[in-house]
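**Student:** quick one: sequence and predicted model below, then my questions.
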Amino acid sequence: MIWTKEKSFHGSPQHVAMARTEKRKDAVSCFGRLGRDVLNELSKEGIGKRIDEEKTIHVRISLSELCRGRVSLIDSESRGSIVKGTFKIEAYPGDEPVEMASRLVNKLCSEV
C-alpha cells in the first residue's frame, strides 16, 4: 500500500492510499468483497454506467459507513469522505466489457 499527501480537485489537502494487484484472482476477490448488496445494486443500476472507455469499473464507497463495517455505494455528487475503487476489466478484441462485467457481478452474487 502506498500513502501520499495531495491536494484535492478543489485544493484542500487529502491523504491518498493506493493498493494495487496485478493478479486476476486477487482482483476478483477484492471486487467480491464489496458484498452481495453492493453487487446487486451495481447490477440493478446497470454496471455499464460505471465502466469508462478504458474498460475500468469505477465505484465510490462511503468512508464513514466503511469505518462502521458496512459497504455502501454513493454517487459522484456526494460531499462526504469517500473511498474510490477502480477495477480493470480484462477484455480482448471482440469481447464486450459491459457483458463481461455483468457476468462477473452475477457470478460473484451467487458465490457471496
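**Tutor:** Nice, thanks for sending it over. Numbers count the residues shown, from 1 in each chain.
**Student:** hmm, Gly85 is touching Leu63, no?
**Tutor:** No: using CB atoms under 8 Å, Gly85 makes no contact with Leu63, being 11.9 Å away. All C-beta spots, glycine's among them, are computed from the backbone N, C-alpha and C.
**Student:** name the SS class of Gly80, please.
**Tutor:** Classification of Gly80 using DSSP: H, G, I helix; E, B strand; the rest coil returns coil.
**Student:** got the contact list for it?
**Tutor:** Applying CB atoms under 8 Å, 6 or more residues apart in numbering to Gly80 gives the contacts Ser62, Leu63, Ser64, Ile74.
**Student:** give me the number of residues near the last one?
**Tutor:** Pointing back at Ile74 there. 18 (other CB atoms under 10 Å).
**Student:** in this protein, which spans are strands?
**Tutor:** Under the criterion DSSP state E, the chain contains strands at 2-7, 13-18, 56-62, 82-88.
**Student:** rewinding a little: list the ones among the contacts of Gly80 that fall in helices.
**Tutor:** Residues of those located in helices (DSSP state H): Leu63, Ser64.
**Student:** could the contacts of Gly80 go into CSV alongside pLDDT?
**Tutor:** Listed next are the contacts of Gly80 as CSV, based on pLDDT from 0 to 100:
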residue, pLDDT
Ser62, 91
Leu63, 90
Ser64, 90
Ile74, 89
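**Student:** who touches the residue lying closest to Gly48 once chain neighbours are set aside in this structure?
**Tutor:** Closest residue in space to Gly48, ignoring its immediate chain neighbours: Val98 at 4.2 Å, by CB to CB, 6 or more residues apart in numbering. Going by CB under 8 Å, 6+ apart, Val98 touches Ile47, Gly48, Ile51.
**Student:** how much space separates Val98 from Val28?
**Tutor:** Val98 sits 17 Å away from Val28, going by CB to CB, to the nearest Å.
**Student:** try Leu108
**Tutor:** Per CB to CB, Leu108 is found 8 Å from Val28.
**Student:** looking at the two, which has the bigger crowd around it?
**Tutor:** Neighbour tally, Leu108 and Val28, criterion other CB under 10 Å: the higher count belongs to Leu108, 20 against 16.
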